[in-house]
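Student: Quick one: sequence and predicted model below, then my questions.
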Amino acid sequence: MKGNFFKAAAVVACLSSGAVFGFNLDVFGWFKKDNSIDSMIEYVPADTALFIGGVSNKELVTSSDEMMVKFKDNGEAEAIIELLESLPPSEGLDFVNWLVKDYYNVAPNGGIAIYKHYGLDVEGASAIYLDGIFPVMRIALQDEQAFLTLIKQAALETDVTLGSQTIGGQALTTVELVNKDDVVLKLGFMIKDKVLTAAVISQKEDKGAQERRFALVKPQQSMSAESWRNDSKTYNFMEASHGHISLLNIANAIFDKDTRAHQQLKALAGDDLPELSKTQMLCKEDIVNIVSGAPRVVFGVNRYDVQGDDMALDFSYAVEIKNANILGELNKLRGFIPNYLNTSKDLTVGLGVGLASDAVSPVLTSLWNQFTKADFNCEPLLTAQAKLREQNPAALSVFTSMAQGLSGVSFGIFDLEKDENSQIGVKYDAIATITSEKPEVLAALAGQYAPMLRGIQIPTDGTAINLADSGLPMDAFVAIKGKHLVAYTGEKSKQVAEQLTTEEVSKNGMLAVAMDSAKLSDLVMNMGQYSASLGNDCTDLYTVSAALNSVPFTLNVREGFNDKGYESNWSLYLKDLADIKNIKRQDLVNVFKVEYLDEECNWIDIGSETFNEDGTGTFVDRDDSNSCNVFESNFKWSHALGSIIETDSNTRFRNSCDSEREAQESVDFSCQILGAKETEFYCLQDDGDYKALHRYTQQ
């Protein structure tokens, strides 16, 4: 019973996350909906564990059209259908499969075509949330008849009988999803007041519960629309899409057997759902009190802008911390992040960690005191308290005293390439920094532990010392620049080091990441070549390089505590979207030269492969004189989710043109497509024990 229930839950998850018509499969559609988001929120229960809402507009709907063109024949629909077909069979899955295919047929025509096809309102609102454990999606319609016609067509072509019932005087159309071991789950559709509501229902619910789910009656306590709007202002979210996960509601649902979520789960799972123990019941109040200090995770889109073939996307999330005492202590840990990690256009990859070392010991001591002195009834928490009392956080002061005044460290790599003239065979342009109130003390301390710095006096006036003069086999410099101890090599890094001289040190964050995928791809490729010269296999590095080069982007991340909690801000910029090659099935119907990457990073020609339109294919390899085929394989092939899959092979081999052909055992083959260009792509074969990178070039 339990296994079947959780399989049913998997169906629900698929539907709620996009398989229901594929509405939210549009990568940048932002849940396009009706203007009355406030009226939708009135029907969302306050105890929902998840809520995502938004209001669309025409500009957003059409902005990702160029990307959506790439959906056509890319194999994603087939892969999703294959996933759904692996679940317990039902007519409902056939119905959903049809809708998935339909979406992928329409999506390449763009956002407006999708809205018109499904009858959606381009200026509409939407809400996706959980009613207990059951997913609900509400979306504004412009053309009700277009949607109804589509549903009838889906039912007709899949030979699915649409159910019909009345709830609260309104007609409800249903499709059975699961009917197994006394569990019946149906997907229901209802249209009322130009709003489509799609939700999962169980036969074990009363009419009142179903009326609430389909927004015919309001819950006893509704979610606050003002709260949703305040999130937009507080976190600078776009109205197009933002939401939250309620950790507090989840905790209540787990530890309170009277919650709707717990009752729904109990009705479905029956005796397979264990009863809450007395210990768990005693823990409820303590756990809920703890979680109320960090009740929600909020998330949303902050900026979305398309200019020609370039796209900028900013999004963020935050773990809210409502316990003022704890948040006050955690904010003391904030350190310094150098500006170059967010502003340098030449940076390939960088990482910065800001941490006020002087605050670590007192902050942990304060948090230790708050926890060990708290009044708990929960046995596991009492045990944790007792064990923690045996530990003395003051011992940390021994370690933090060694880094007194430290507020941040960072490193950045601008370039790396092979250099035959260098003693180490490679040339770097990179920088590492340590920020401290007294960098000269750190410099003296480093001299005790780093052999290359032993005996070296680093001037405090900013003058750089070349470690090559002390025997290092490359030019590398150390210097004190303002409040920063820096080590660098290369011209770009030298410029950053000079900028740090006047950069003000402030408590501006705890973590920063910067990455340029195209530059990082080149750097990793160069590392592969250097690694191969040392006798190492470079397949993994070349694979990473090819993957990074598939979609050129720059990424900047900043994280840290603030007056709201712990916040993470991501800024993503994608260039030349029109040039991104997304391999479709039709692109593979051709003849390709195939090579593989050997351990020394050389591409070795291994034969020619042909993919036919009818799903058959051949692979041949010629002898050294190109006189005959010494290896031949016929197979069936398919393409899904960026992978090539070859099965049912019929393979023959011979040592020379004069030898008899011998049959070989059939072996299935699959590889993941990477780094596609107009006439070339890489394909990674990874069978667990064996990994190989192939290069396919169109002939």
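Tutor: Received the coordinates, thanks. Numbering: from 1, shown residues only.

Student: Are we agreed that Ala692 is in a strand?
Tutor: Yes: secondary structure of Ala692 (DSSP: H, G, I helix; E, B strand; the rest coil): part of a strand.

Student: could you list every residue that touches the nearest residue to it once chain neighbours are set aside?
Tutor: Excluding its sequence neighbours, the residue lying closest to Ala692 (Cβ to Cβ, 6 or more residues apart in numbering) is Gln685, at 4.7 Å. Using the backbone N, CA and C atoms, a C-beta is placed for each residue, glycine as well. Shown in contact with Gln685 (Cβ atoms under 8 Å, 6 or more residues apart in numbering): Phe669, Ser670, Cys671, Lys691, Ala692, Leu693, His694.

Student: Report the beta-bridge partner residues of the nearest residue to Leu693 once chain neighbours are set aside.
Tutor: Using Cβ to Cβ, 6+ apart and skipping residues adjacent in sequence, the residue nearest Leu693 is Leu597, 4.5 Å away. Residues in a beta bridge with Leu597, per DSSP bridges, are Trp603.

Student: Just want to check the distance between Leu597 and Asn556.
Tutor: 32 Å (Cβ to Cβ, to the nearest Å).

Student: before we move on, what about Ala171?
Tutor: Ala171 is 51 Å from Asn556, by Cβ to Cβ.

Student: Please identify which of those two sits among more neighbours.
Tutor: Asn556 (20 against 12; other Cβ atoms under 10 Å).

Student: Tell me how many other residues crowd the residue nearest to Leu693.
Tutor: 22.

Student: just checking, it touches Asp537?
Tutor: No: Leu597 is not in contact with Asp537 according to Cβ atoms under 8 Å; the separation is 9.1 Å.

Student: looking at this, Thr62 is in a helix?
Tutor: Yes: under three-state DSSP, Thr62 falls within a helix.

Student: per-residue confidence at it?
Tutor: Confidence at Thr62, expressed as pLDDT, is 83.

Student: in the stretch 351-500 of the chain, which spans are strands?
Tutor: 406-418, 426-436, 465-466, 477-481, 484-489 (DSSP state E, counting those that start in this stretch).

Student: From Leu141, how far off is the residue nearest to Ser36 when sequence neighbours are not counted?
Tutor: In space, and not counting its chain neighbours, Ser36 is closest to Ala125: 5.8 Å by Cβ to Cβ, 6+ apart. Between Ala125 and Leu141 the computed distance is 11 Å (Cβ to Cβ).

Student: who's more crowded, the two?
Tutor: Set Ala125 next to Leu141 and count neighbours by other Cβ under 10 Å: Ala125 wins out with 25 against 22.

Student: That one pairs with what?
Tutor: Going by DSSP bridges, Ala125 forms beta bridges with Val55.

Student: pretty sure it contacts Ile37?
Tutor: Yes: applying Cβ under 8 Å, one finds Ala125 in contact with Ile37, separated by 3.9 Å.

Student: Spit out the residues that contact these two alike.
Tutor: Gly53, Gly54, Val55.

Student: ok, of these, which one's closest to Pro338?
Tutor: Nearest to Pro338 among the shared contacts of Ala125 and Ile37: Gly54, at 35.9 Å, using Cβ to Cβ.

Student: Run a quick neighbour tally on that closest one.
Tutor: Around Gly54 there are 27 residues (other Cβ under 10 Å).

Student: Against Lys519, how distant is it?
Tutor: According to Cβ to Cβ, Gly54 stands 34 Å off from Lys519.

Student: Repeat that for Val136.
Tutor: On the measure of Cβ to Cβ, Val136 and Lys519 end up 44 Å apart.

Student: and what of Ala384?
Tutor: Taken as Cβ to Cβ, the span from Ala384 to Lys519 is 46 Å.

Student: Would you map the helices across the stretch 351-500 of the chain?
Tutor: 357-372, 379-389, 396-400, 439-449, 491-500 (DSSP state H, counting those that start in this stretch).

Student: could I get these as a markdown table with mean pLDDT and mean neighbour count?
Tutor: As requested, these are exported to a markdown table (pLDDT from 0 to 100; neighbours: other Cβ atoms under 10 Å):
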| stretch | mean pLDDT | mean neighbour count |
| --- | --- | --- |
| helix 357-372 | 90 | 17 |
| helix 379-389 | 90 | 13 |
| helix 396-400 | 60 | 14 |
| helix 439-449 | 77 | 16 |
| helix 491-500 | 95 | 20 |
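
Student: re earlier: scan the contacts of Gln685 and report the most crowded one.
Tutor: Counting by other Cβ under 10 Å, top hit in the contacts of Gln685: Leu693 with 25 neighbours.

Student: what does the model give that residue for pLDDT?
Tutor: At Leu693, pLDDT is 93.
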